[in-house]
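>>> Got a sequence here, can you model it:
(chains A and B)
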Amino acid sequence: MKKIRTRFAPSPTGYMHIGNLRTALYAYLFAKSQHGDFILRIEDTDRARYVPDAVEFIERTLAAAKIIPDEGPHHGGNFAPYVQSERMELYKKYAEELVEKGYAYRCFCVNHEEENNSDDKKFGGYNRHCRNLSDAEIKENLAQGKPYVIRQKMPLTGETTFFDVLHGNITIANSELEDQVLLKSDGMPTYNFANVIDDHLMEISHIIRGTEFITSTPKHVLLYQFFGWELPTFIHLAPVMGKAEDGTISKLSKRHGATSFNDLVEMGYLPEVITNYVALLGWNPKTNQEIFSMEELIEKFSLDGLSKSPAVFDYNKLDWMSGEYFKAMTDEEFARAADKFFGELNENLSAKKVYLSSLLKTRVTKFSEIPAMIKFLMEMPPFDAELFINKRNKVNLEKSAEIIEPAIKILEGVENWTLETLNEKISAYIENSGLKTGTIMWPLRIALSGQKVTPGGTVEILYLLGRETSLKRLSTALKDIQAAVKAS
RNA sequence: GGCGCUAUCGUCAAGUGGUUAAGACACCGCCCUUUCACGGCGGGUUCGUGGGUUCAAAUCCCGCUAGCGUCACCA
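Okay, here's the model as predicted:
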């Protein structure tokens, strides 16, 4: 059987949209699941759109997502070069061949704005002015050095049908096809031409790309036929959509928030979470498994799990999945992965980073939530009397003062400031007081954190803060509470 | 507008003529609980619409509607 070869062919824009990433992923997964090759090819035939270092950017992003090309600009391979601008001469040769065979023609029209923008799109855009120029006219134009493009000569009648794995047979009337440009006046091929030549030359067996190419596929198919080349298998993927606040759904874009792989990484999602989530956006394994390593994805992937309808990117589910990954990590792994999101920590907290991670990893959905969550450890929020009043735990201001005062005494006597000791002392205090656990814990935790919601309870915070800071915060709070009681 | 693609809970989705129409996220409730989480239990909500075909339709066919795509010397 022929070797399975797929490719990812982005244009170098310096931006990796989630939709593109998913296309690359599926192409990669399919190739790897079939023990085939995955090729990275850069489609940079538009000189105006050139972005410096974009190729490196794409390669870095794929590497971060663990999508590893077998062949590519910097990966080598038997079909090099893998950058289209470096293959220019090649396309020219094939274009000329088409002209000779009568399947293409030279067009000397320069910017026919009027025709191209007319509402009467009978000819699909271009009015085919040069389609039937006489040899003499062509010769003369050439002699004058007039610039020209080479256009594909579409059949005027009949229809073209191609098979798509997801959509079945798709038929489009040839009359719908315009005489598209194959070779631009600067000698560069257009996407629609280079793509066909390269896919054939690079022996691509399966073309996996977005639905936006369905309509242009018949033109490509015709090209394959003109050359007498074997057709690859087509798989057109449904787009990734986004849901705006007003509920409208459209192709995922900036107005939906982060839309690139890198945006997501910067927000603090693990690369493997992004790949895992994106893999499931439009593909299902036919089992209830949702957490997949790249190895499992490769093992389980199959084309018939692909869905042909658009999928909406759901940040909720991404968050959930991210949380699942965090919970599965050891404290050390979490601490390491989250490192740059901790920000500037003081000496005490730096030393307790791993412990802090154990508290954080079940409470955070992405790393970027960390700073806000741990800020109170570095800096005590302003006093807020209201926080000490809690009905459920039966505490008010007076009660809080009554609870905090003895607690300070007890804690002052603690030499060995460890979780175990602190837990023992506080538990003993609760038992002796005859009060409910919550009644004691609530005011202490508020006094220590100044926050209603904290990562961890009283004992954890005492330990995190350390002896000195804890005692200082408690007595400050006590004073503030007493003042507040007096004032009321 | 022409052409093309798509249509099952709010979202991801299973489902391929006979099912109580899975599961997950989100949401709501309850339990656990020293906050918040974690964990456990339970709940509601879905086949766009109108016609067929059939004993039987979410599944097959046709129309309609809606969404998306495409109509470049962009990819």
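
>>> pLDDT wise, what is residue A:250 at?
Residue A:250 carries a pLDDT value of 78.

>>> pretty sure it contacts residue A:241?
Yes. Proximity of residue A:250 to residue A:241 meets the contact threshold set by C-beta atoms under 8 Å, at 6.4 Å. (C-beta placed from N, C-alpha, C; glycine too.)

>>> Which residue of these two possesses the greater neighbour count?
residue A:241 (19 against 14; other C-beta atoms under 10 Å).

>>> and the gap between the more buried one and residue A:420?
Separation of residue A:241 from residue A:420 (C-beta to C-beta, to the nearest Å): 52 Å.

>>> Buried residues of the helix or strand where residue A:63 lies, list them for me.
Element membership of residue A:63 [criterion: DSSP states H and E] is helix A:54-64. Judged by neighbour count (16 or more other C-beta atoms under 10 Å), helix A:54-64 contains these buried residues: A:54-55, A:57-59, A:61-62, A:64.

>>> Name the residues of the stretch 351-488 of chain A found near RNA strand B, please.
Taking C-beta under 7 Å from any atom of the strand as the contact definition, the stretch 351-488 of chain A meets RNA strand B at A:362-363, A:423, A:426, A:437-438, A:441-442, A:445, A:452-460.

>>> Out of those residues, list just those in helices.
Among these, the members found in helices (DSSP state H) are A:423, A:426, A:437-438, A:441-442, A:445, A:458-460.

>>> right, and the pair among these with maximum separation?
Greatest spatial distance among those (C-beta to C-beta): A:423 and A:442, at 16.8 Å.

>>> Looking at those two, which is more packed in?
residue A:442 (25 against 15).

>>> And the pLDDT at residue A:117?
Predicted confidence (pLDDT) for residue A:117: 41.

>>> Double-check residue A:436 against residue A:393; I have them as touching.
Yes. Here residue A:436 reaches residue A:393: they are 7.0 Å apart, a contact under C-beta under 8 Å.

>>> Look up how far residue A:76 lies from the closest residue to RNA strand B within the stretch 1-150 of chain A.
Nearest residue of the stretch 1-150 of chain A to RNA strand B, counting by C-beta to the nearest atom of the strand: residue A:43, 2.8 Å away. The spacing between residue A:43 and residue A:76, counted by C-beta to C-beta, is 19 Å.

>>> Check residue A:407 too.
Distance from residue A:407 to residue A:76, by C-beta to C-beta: 68 Å.

>>> for residue A:485, same thing?
76 Å.

>>> do residue A:42 as well
14 Å.

>>> Repeat that for residue A:456.
In terms of C-beta to C-beta, residue A:456 sits 51 Å off from residue A:76.

>>> These two: which is more packed in?
Using other C-beta under 10 Å, the more surrounded residue of residue A:456 and residue A:76 is residue A:456, with 18 against 12.

>>> Please name the spatially closest residue to residue A:317 (chain neighbours excluded).
Sequence neighbours aside, residue A:277 is the residue nearest to residue A:317 in space, at 6.8 Å (criterion: C-beta to C-beta, 6 or more residues apart in numbering).

>>> which element is that neighbour on?
Applying DSSP H and E, one finds residue A:277 within helix A:271-280.

>>> Whether that helix contacts RNA strand B - can you check?
Yes. Contact of helix A:271-280 with RNA strand B (C-beta under 7 Å from any atom of the strand) involves residue A:280.

>>> The next helix or strand after that helix close to RNA strand B?
Using DSSP H and E, the next helix or strand after helix A:271-280 towards the C-terminus is helix A:294-300. No. Using C-beta under 7 Å from any atom of the strand, helix A:294-300 stays clear of RNA strand B, with a minimum separation of 13.2 Å.

>>> okay, helix A:294-300 in PDB with CA atoms only?
C-alpha atoms of helix A:294-300 as PDB (Å, rounded to 0.1, in the frame of the first residue of the first chain):
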ATOM      1  CA  MET A 294      -0.400  12.700  22.400                       C
ATOM      2  CA  GLU A 295       0.600   9.000  22.300                       C
ATOM      3  CA  GLU A 296      -3.000   8.000  23.000                       C
ATOM      4  CA  LEU A 297      -4.300  10.500  20.500                       C
ATOM      5  CA  ILE A 298      -2.100   8.900  17.800                       C
ATOM      6  CA  GLU A 299      -3.200   5.500  18.800                       C
ATOM      7  CA  LYS A 300      -6.900   6.200  18.900                       C
END
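
>>> Which secondary structure elements does that helix sit against?
helix A:18-33, helix A:271-280 (3 or more C-beta pairs under 8 Å, 6 or more residues apart in numbering; DSSP states H and E).
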